[in-house]
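In: With the sequence up front, the predicted model follows.
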Amino acid sequence: MASSSSSTSLSLLLLLSLLSVSSAQSITRAAGILSDSGFKSMSLALNLASDSLNTLSPSLTVFAPADAAFSTSGQPSLDLVRLHILPVAFPLRSLKSLPFGAKIATLLDGDSLTVTTLPADGLVSLNNVTVTATPIFDDGALIIFVIDRFFDRYFRISGPIGSQSPKILGSCSAPGNPNQTAAAETAEFSEASEVLRSKGCSVMASFLDMQFHGFLKYQTMLTIFAPVDQVMVSRIGDLGQYSSVLHRHVVPCRLSWSDLKSLEDGSLLRTNLQGFDINVSRYDSVLELNGVSVIMPELYHNDWLVVHGISEVLELPQSTTQNPTEPNPVVPSPPQSPADEGRSSGEVLVFRDYLLVFLVALVVYYFFRD
């Protein structure tokens, strides 16, 4: 038991180290591209701060103020530089799809950018700063936009949140497609995991890879809310919480972005974690789940699975007394084999075993793929 836990923790540390190296390379590459494009000041700022800007995500979005902004405001602080970097590759079409008031997590912990684009606007606006119509660089993993001035860290929008009587939405599983083979479903789930990794949700993708067999066996419709890697860092290391974190971000129902937007404020989504529901609300027209903004609608979708990116982790209530590793009864646990009988926390142990095997394979892949 102790050996398994230590090996899993070591594998996670190796994974974090690899992701950190990848993110450092992305920062250095962004600085070089900006310098070659004539944005010398932001290039210098990234180079000076590069040792302190490591993130778990291999994908980044950089908002680069013009050199004139530096002449007016001077050299930015490290926190201000972090505010201008997103830990995900955020394409222009995704920025345009976000409603007014949506929050986008940045590398500056606890600080987000607020979408201030109005319906009639032709250009994207964040914190009341206009973003260029097209990025100066976009290869899918690194995206660089130009802005005419620095974002204001203390920019805020306030407004009332409407609410109505809660309506609980339980399992809405549908019969599976008889023509859909297990191999095809597995391939689609793997495809979804790859999309999550490319969008800066590698930790959640790893969690899903560990559990997809159970999902496919007991459910045919799923919606997954995936937090970005930047906010998942604190969850790595506490193995006993992995099952809880995963299950409370999974809804046993396929909910497209249009389905979510059509829900009334106060609607409750039942999750795969017993006793944990997601409250749907709006804050200045921004769709929120337990107060967490949906920032990347429909990162992935097919006939039975939809994945939405969210800005934070869906936290357990402070007063909760339930077992955080117990899944909701709507998803029965697989029967234990005789070898598992007698284990006090069988589900958690099986989850750890899968996690260890996957992460070791992942580390080997990263080291030897070239």
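Out: Sure thing, it's come through.
In: use CA for all of it now, contacts and neighbours both
Out: Will do.
In: quick one: average pLDDT of the longest strand anywhere in the chain?
Out: Criterion DSSP state E: the longest strand present in the chain is strand 292-301. Averaged across strand 292-301, pLDDT comes to 90.
In: got it, and stretch 123-139?
Out: On average, stretch 123-139 scores 91.
In: Would you indicate which residues of that stretch are buried?
Out: Neighbour counts over stretch 123-139 (16 or more other Cα atoms under 10 Å) mark L123, V124, S125, L126, N127, V129, T130, V131, T132, P135, F137, D138 as buried.
In: same deal with stretch 115-123?
Out: Taking 16+ other Cα under 10 Å as the neighbour-count basis, stretch 115-123 is seen to contain the buried residues V115, T116, T117, L123.
In: Spatially nearest residue to the third one, not counting backbone neighbours?
Out: The shortest distance from T117 to any residue that is not its chain neighbour, by Cα to Cα, 6 or more residues apart in numbering, is 4.7 Å, and that residue is S125.
In: Show me the beta-bridge partners of that neighbour.
Out: S125 has these beta-bridge partners by DSSP bridges: T130.
In: Wait, it touches V131, no?
Out: Yes. S125 is in contact with V131 according to Cα atoms under 8 Å; the separation is 5.8 Å.
In: Where does the prediction get shaky in the stretch 151-300 of the chain?
Out: The stretch 151-300 of the chain contains residues with pLDDT under 70 at 158-186, 210-220, 234-240.
In: how about the helices in it?
Out: 182-198, 202-218, 229-232, 242-247, 257-262 (DSSP state H, counting those that start in this stretch).
In: same check, this time on the stretch 1-150 of the chain
Out: Assigned by DSSP H, counting those that start in this stretch, the helices in the stretch 1-150 of the chain fall at 2-36, 40-49, 67-73, 78-83, 92-97.
In: so what's F225 bridging to?
Out: If you apply DSSP bridges, the partners that F225 bridges to are H308.
In: And for Q318, the neighbour number?
Out: Close neighbours of Q318, defined as other Cα atoms under 10 Å, add up to 6.
In: For burial, what's the neighbour tally of D259?
Out: 9.
In: coming back round to it: can I get the helices of the stretch 151-300 of the chain in JSON lines including distance to P317?
Out: Converted to JSON lines, the helices of the stretch 151-300 of the chain look like this (distance: least, Cα to Cα, whole Å):
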{"stretch": "helix 182-198", "distance to P317": "26"}
{"stretch": "helix 202-218", "distance to P317": "21"}
{"stretch": "helix 229-232", "distance to P317": "17"}
{"stretch": "helix 242-247", "distance to P317": "13"}
{"stretch": "helix 257-262", "distance to P317": "22"}
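In: between these, which gets nearest to V313?
Out: helix 229-232 (6.7 Å; Cα to Cα).
In: ok, D36 to P135 distance?
Out: As judged by Cα to Cα, to the nearest Å, D36 and P135 stand 14 Å apart.
In: list the contacts for L208?
Out: Contact analysis of L208 by Cα atoms under 8 Å, 6 or more residues apart in numbering lists S193, L246.
In: meant to ask about N279
Out: N279 is in contact with D265, G266, S267, L268, L269, L289, N290, counting by Cα under 8 Å, 6+ apart.
In: Just give the nearest non-adjacent residue to it, would you?
Out: Nearest residue to N279, sequence neighbours excluded (Cα to Cα, 6+ apart): L268, at 4.6 Å.
In: I'd say the one you found and G275 touch.
Out: No. Counting by Cα under 8 Å, L268 stays clear of G275, with 11.5 Å between them.
In: Compare neighbour counts for the two and give me the winner.
Out: Ranked by neighbour count (other Cα under 10 Å), L268 and G275 place L268 first, with 22 against 18.
In: Look up the residues forming beta bridges with that one.
Out: Following DSSP bridges, L268 is listed with bridge partners I168, N279.
In: and the gap between it and N290?
Out: 10 Å.
In: which residues are in contact with both of the two?
Out: Common neighbours of L268 and N290, using Cα under 8 Å, 6+ apart, are I278, N279, V280.
In: Tabulate the residues you listed (TSV), appending distance to D111.
Out: Output for the shared contacts of L268 and N290, formatted as TSV (distance: Cα to Cα, whole Å):
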residue	distance to D111
I278	23
N279	23
V280	22
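In: contacting residues around the residue nearest to T117?
Out: V115, T116, T117, V131.
In: okay, the buried residues of stretch 123-139 in JSON lines with distance to S73 next?
Out: As requested, the buried residues of stretch 123-139 are arranged in JSON lines below (distance: Cα to Cα, whole Å):
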{"residue": "L123", "distance to S73": "24"}
{"residue": "V124", "distance to S73": "23"}
{"residue": "S125", "distance to S73": "20"}
{"residue": "L126", "distance to S73": "19"}
{"residue": "N127", "distance to S73": "17"}
{"residue": "V129", "distance to S73": "15"}
{"residue": "T130", "distance to S73": "17"}
{"residue": "V131", "distance to S73": "18"}
{"residue": "T132", "distance to S73": "20"}
{"residue": "P135", "distance to S73": "23"}
{"residue": "F137", "distance to S73": "25"}
{"residue": "D138", "distance to S73": "27"}
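In: burial of F151, as a residue count?
Out: Quick note: F151 (other Cα under 10 Å) scores 20 neighbours.
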